[in-house]
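**Student:** Predicted model and sequence below, questions to follow.
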Amino acid sequence: MADLLYLNHAGTSWPKPAPVLEAVQRAFGTPPDGWHALFAEAHATVAAAFGVSEDALLHTPGATQALAVAVADVPFGAGERVLTSGMEHHALVRPLSKLSARGVQVVQLPRGERGPLDLDALDAELEQGSVRLVALSMASNVTGERLPFEEVVRRAHDHGALCLLDGAQVAGWQPLDLAAMEVDLFAFAGHKGPQGPTGVGGLYVRPGLVLDTPGATCDGSVCRTGPGYCDTGSVDLPALCGLAAGLRWMAERRPLAAARRVEEAFRERVETFEGVRVHGVGERMPTCSLTVAGRAPAEVADALAVRGVVVRAGTQCAPRAHATLGTGEEGTVRFSFGPQATQADAVRAAEALQAVL
């Protein structure tokens, strides 16, 4: 365990910080008469971390559930369109792919020359009209590339379109004031950047946004036009408490800049290795995705594991992103550094890859 170098933080963070483990254990040991207070405290902490009101935040089992509910409840009309990127996780691609049955067209925007999204193509599509929603990730889970999400939100709103952001790769890593950003819909996972357990995430719905939620009511005294816990299931309370503790831990440390420097040091080393190609351009999260000429990604990952370096090989649940990148069905080898990464980790990971090659 002590010699293990875990570099799959874009998948699931590990090891969990001590306050997260303590919060989960405390929740499991709390009797039922204390559950409401635990939920209220944790819920308030998570809402504050994203700069939103508590009644606008719904906890879900994860980002996949949040994205599915958000897409399903947007009030689309026949003939309307959705714009998305070619770098999306299957959790967003799947619900979007079902919209054609409702007469909604999904348009995939191309990559740009200097980044994962062509903003000129976005403008051209928005100017054509009939765009109800722009839905995309804030950062690619494959390459770590950050999409220009704040600019996308602004341009979408300028043309009367809603914007749904998949924050699975960014949440926890940096402060996000969703209300100030005027984000309409935001989904996130708790087990990645926030350092929480698996089984918890969330969906933010901008106050005043009217969704097409089956069973939602507005009778004059109580008005609910968005999804609730009857739509997404019971909240995993220990996981939620762990999520709140993880967000507090990350906010105190602000580790993104340091983790990026570690990833950059690793990338600069491995880009000099013969046969290695690093995928992605521009600003990114602390993730480096690469392929090796003549070597299957799974083979490389297995050889690294023998040397105590844990990475993720394959398509990372994002086959569309790999189709866009041209990396095929075998995908890439992804090294994703965590909040406690050090320069020594970059050196060790690079040396291990060099030894494998």
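**Tutor:** Okay, I see it.

**Student:** what bridges to the nearest residue to F186 once chain neighbours are set aside?
**Tutor:** Distances taken as CB to CB, 6 or more residues apart in numbering place Y204 nearest to F186, at 4.1 Å, with adjacent residues excluded. In this view, the C-beta of every residue, glycine as well, is placed from N, C-alpha and C. Beta-bridge pairing for Y204 (DSSP bridges): L57, F186.

**Student:** Might you report the residue contacts of Y204?
**Tutor:** F50, V52, A56, L57, L58, L178, V183, L185, F186, A187 (CB atoms under 8 Å, 6 or more residues apart in numbering).

**Student:** can you pick the most crowded of the residues you listed?
**Tutor:** When neighbours are counted by other CB atoms under 10 Å, A187 leads the contacts of Y204 with 30 neighbours.

**Student:** That one reaches V170, doesn't it?
**Tutor:** No - applying CB atoms under 8 Å as the test, A187 and V170 come out as separate, 11.2 Å apart.

**Student:** Serialize the contacts of Y204 to a markdown table and add fields for pLDDT and distance to A37.
**Tutor:** As requested, the contacts of Y204 are exported to a markdown table (pLDDT from 0 to 100; distance: CB to CB, whole Å):
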| residue | pLDDT | distance to A37 |
| --- | --- | --- |
| F50 | 98 | 21 |
| V52 | 98 | 21 |
| A56 | 95 | 21 |
| L57 | 97 | 18 |
| L58 | 96 | 20 |
| L178 | 98 | 26 |
| V183 | 98 | 29 |
| L185 | 98 | 29 |
| F186 | 98 | 26 |
| A187 | 98 | 27 |
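
**Student:** farthest-separated two in those?
**Tutor:** Greatest spatial distance in those: L58 and V183, 14.4 Å, computed using CB to CB.

**Student:** roughly how far apart are the closest residue to D118 other than its chain neighbours and P75?
**Tutor:** Counting by CB to CB, 6+ apart, G112 is the residue found nearest to D118 once chain neighbours are left out, at 4.0 Å. According to CB to CB, to the nearest Å, G112 stands 31 Å off from P75.

**Student:** Counting neighbours, go ahead and name the busier of these two.
**Tutor:** A direct count of neighbours by other CB under 10 Å for G112 and P75 places G112 higher, at 17 against 14.

**Student:** Surely the more buried one and D123 touch.
**Tutor:** No - if you go by CB under 8 Å, G112 and D123 don't touch, sitting 11.8 Å apart.

**Student:** contacting residues around the residue lying closest to G294 once chain neighbours are set aside?
**Tutor:** Among residues not flanking G294 along the chain, G275 sits closest, at 6.7 Å (CB to CB, 6+ apart). Residues near G275 by CB under 8 Å, 6+ apart: V292, A293, G294, R295, L357.

**Student:** Identify those among those residues that sit within strands.
**Tutor:** V292 (DSSP state E).

**Student:** Out of the contacts of G275, grab the one that's most surrounded.
**Tutor:** V292 leads the contacts of G275 on contacts (other CB under 10 Å) with 20 neighbours.

**Student:** Beta-bridge partners for that one, please?
**Tutor:** V276, R295.

**Student:** Show me the contact partners of whichever helix in the chain runs longest.
**Tutor:** Secondary structure of the chain per DSSP state H: the longest helix is helix 237-253. Helix 237-253 has contacts (CB under 8 Å, 6+ apart) with 13, 16-17, 19-28, 35, 38-39, 41-43, 45-46, 49, 59, 172-173, 175, 190, 193-200, 339.
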